[in-house]
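>>> from the sequence below, what's the structure:
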Amino acid sequence: MNSEAKKAEDSALSQLVGERAVTPAKPKENEAVTGNGPFDWWLFTIMMILLAIGLVMVLSASSIVAEHTFHDKYHYFKRQVLYALIGIVALWGAALAPRKLIYGLHYWALLATFILLAMTLTPLAPTINGARRWISLGFASIQPMEFVKVALVLYLAYFMSAKQNTVRTFWRGVFPPCLVTGLYCVILLSQPDFGSAIVLAGILFFMCIAGGIRWSYIAWSLVLGVASMAILAISAPYRMERLKAFLDPFKDSTGAGYQLIQSFYALASGGVFGVGVGASQQKMFYLPEAHNDFIVSVIGEETGLCGITLIMLLFACLFWRCFRIVLRQREMRARLSAFGLTAIIAIGALINLAVVMGMLPPKGVAMPLLSYGGSNLIATMLCIGLILHFSRTEDVCRTSS
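From the prediction side, this is the model:
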């Protein structure tokens with residue numbers, strides 16, 4: 001009996017040891033950043049639908065101007081297709097890049113974008129509509145501000161995740177990111193580009209909230225920021241004219257309020273179902289920047305309330321997928337990076353819609369994935385690529401919880 005009991009005990013022990021040997025170990029912290037899971041294909045699909053709509057609307061909104069200026073109605077469309085192809089390469093390059101490489105770029109990205117932004121104050125930058133925001137490459141122009149946003153997010157995500165012990169103090173936790181953002185804003189205001197400076201301040205604001213900075217510091221910074229914007233608006237006559245035109249555009253219908261009024265006419269003409277794709281009247285030299293900052297007005301005129309609603313729903317789905325990825329990140333730096341990249345796209349889309357609908361003064365902010373422009377499109381697709389990169393850690397995070 002003793003020998004049989006010993007055999008049974010040995011058998012149970014060996015079975016238990018065998019079970020433990022095959023039980024998968026809990027993923028370690030460094031295993032969560034390898035990113036071996038599947039991509040979020042829903043996010044990619046929604047982005048591609050918006051991109052396709054944008055290409056069609058750029059062709060529709062720009063054909064008259066392109067024919068008049070370049071004698072080729074497909075001029076802007078062909079360039080936008082080329083920018084989209086470059087954006088696809090940037091997207092998949094970011095999505096497939098090693099996490100270690102992406103994490104090592106924050107200081108280099110800051111330096112490169114700061115140099116590019118400073119170059120806009122040199123003779124290399126042409127003056128367009130009274131501002132020097134682009135660097136001419138001869139065959140094309142680059143707007144450094146679009147890539148500054150990505151570099152700033154990568155830096156802020158690194159800083160606020162690595163400095164969690166000091167992030168709730170002012171001089172070591174709040175002042176450095178404010179200083180970096182402030183240096184960028186000084187150059188932007190020198191161009192001048194007041195709207196882009198506000199966008200950078202907005203990115204910093206939301207990253208500070210997500211990064212755990214004290215609410216008292218955030219509140220005081222918000223008060224200081226609003227006061228600074230008020231002073232800058234009052235000190236520049238053209239900014240005051242824009243503000244007055246925003247409050248009552250019909251008072252100066254042929255001057256500062258002209259563009260906003262034409263946007264209203266376009267949206268009103270569209271009605272519920274629109275006048276038909278390609279049949280817009282406002283794009284015929286009535287609405288300035290019809291294929292760029294005010295392309296949503298043309299979409300509203302040609303596709304009506306239904307088209308605008310579809311665009312909003314697609315962006316809502318895009319942001320839902322992005323925030324789903326944010327919430328599933330276990331590593332703080334990855335979570336902050338994905339959040340900041342999402343904020344770049346969300347802030348741009350919301351500001352553009354607000355301007356088109358007369359809820360904000362004109363800011364010169366393009367609609368992501370829809371407006372014509374290479375720098376904005378490539379930078380937006382780069383953001384989506386990085387978010388797709390972080391989506392690959394979802395399954396690892398889920399199984400470890």
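>>> ok, and what's touching stretch 100-118?
When contacts are defined by CB atoms under 8 Å, 6 or more residues apart in numbering, stretch 100-118 is touched by residues 94, 135, 142, 144-145, 147-148, 150-152, 154-155, 157-158, 180, 183-184, 187-188, 333, 386, 389. Heads up, the C-betas are built off the backbone N, CA and C, glycines and all.
>>> so the nearest residue to residue 357 once chain neighbours are set aside: helix, strand or coil?
Among residues not flanking residue 357 along the chain, residue 267 sits closest, at 7.3 Å (CB to CB, 6 or more residues apart in numbering). Secondary structure assignment for residue 267 (DSSP: H, G, I helix; E, B strand; the rest coil): helix.
>>> out of the contacts of stretch 100-118, which are inside strands?
Taking DSSP state E, the ones among those that sit in strands are 135, 142.
>>> buried ones only from the contacts of stretch 100-118, please, as a PyMOL command.
Only the buried entries of those go into this PyMOL selection, using 16 or more other CB atoms under 10 Å:
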select buried, resi 94+135+142+144+145+147+148+150+151+152+154+155+157+158+180+184+187+188+333+386+389
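>>> circling back to that earlier point, quick one: residues contacting the residue nearest to residue 357.
Going by CB under 8 Å, 6+ apart, the list of residues near residue 267 reads 297, 300-301, 308, 356-357.
>>> mind picking the two most distant members of these?
Distances among the contacts of residue 267 were taken as CB to CB; the most separated pair is 301 and 357, at 13.3 Å.
>>> in terms of packing, which of the two has more residues around it?
Between residue 301 and residue 357, counted using other CB atoms under 10 Å, residue 301 has the larger neighbour count: 29 against 16.
>>> which helix or strand contains the more buried one?
Using DSSP states H and E, residue 301 falls within helix 295-327.
>>> for that helix, name the packing helices and strands.
helix 41-70, helix 258-270, helix 332-356, helix 374-391 (3 or more CB pairs under 8 Å, 6 or more residues apart in numbering; DSSP states H and E).
>>> residue 225: which of those is closest?
Closest among the helices and strands packed on helix 295-327, using CB to CB: helix 332-356, at 14.5 Å.
>>> what are the buried residues along that closest one?
For helix 332-356, burial by neighbour count (16+ other CB under 10 Å) applies to 332-353, 355-356.
>>> over to stretch 203-220?
Under the neighbour-count criterion of 16+ other CB under 10 Å, stretch 203-220 has 203-208, 210-211, 213, 217 buried.
>>> what's residue 82 sitting at in phi/psi?
With angles defined as degrees, to the nearest 10, residue 82 sits at phi -60, psi -40.
>>> distance check, it against residue 58.
Counting by CB to CB, to the nearest Å, the gap from residue 82 to residue 58 is 12 Å.
>>> what do you get for residue 348?
Here residue 348 is placed at a distance of 17 Å from residue 58 (CB to CB).
>>> repeat for residue 334
Residue 334 is 34 Å from residue 58, where distance means CB to CB.
>>> which helix or strand in this protein has the lowest average pLDDT?
For the chain, the helix or strand with the lowest mean confidence is helix 394-400, at a mean of 45 (criterion: mean pLDDT, DSSP states H and E).
>>> below-threshold pLDDT in the stretch 201-350 of the chain: ranges please.
Counting by pLDDT under 70, the stretch 201-350 of the chain contains low-confidence ranges at 236, 238.
>>> go ahead and confirm residue 234 touches residue 244.
No: using CB atoms under 8 Å, residue 234 is not in contact with residue 244, being 11.9 Å away.
>>> more neighbours, those two?
residue 244 (16 against 11).
>>> next, count neighbours for residue 279.
12.
>>> that one against residue 298, yeah?
No: judged on CB under 8 Å, residue 279 makes no contact with residue 298 at a distance of 10.4 Å.
>>> what comes into contact with stretch 36-45?
Residues contacting stretch 36-45 (CB under 8 Å, 6+ apart): 95, 317-318, 321-322, 324-325, 384, 387-388, 391-396.
>>> that older thread, against residue 305, how distant is the residue nearest to residue 357?
9 Å.
>>> then residue 39?
Distance, residue 39 to residue 305, using CB to CB: 34 Å.
>>> that concludes my questions; thank you for your assistance.
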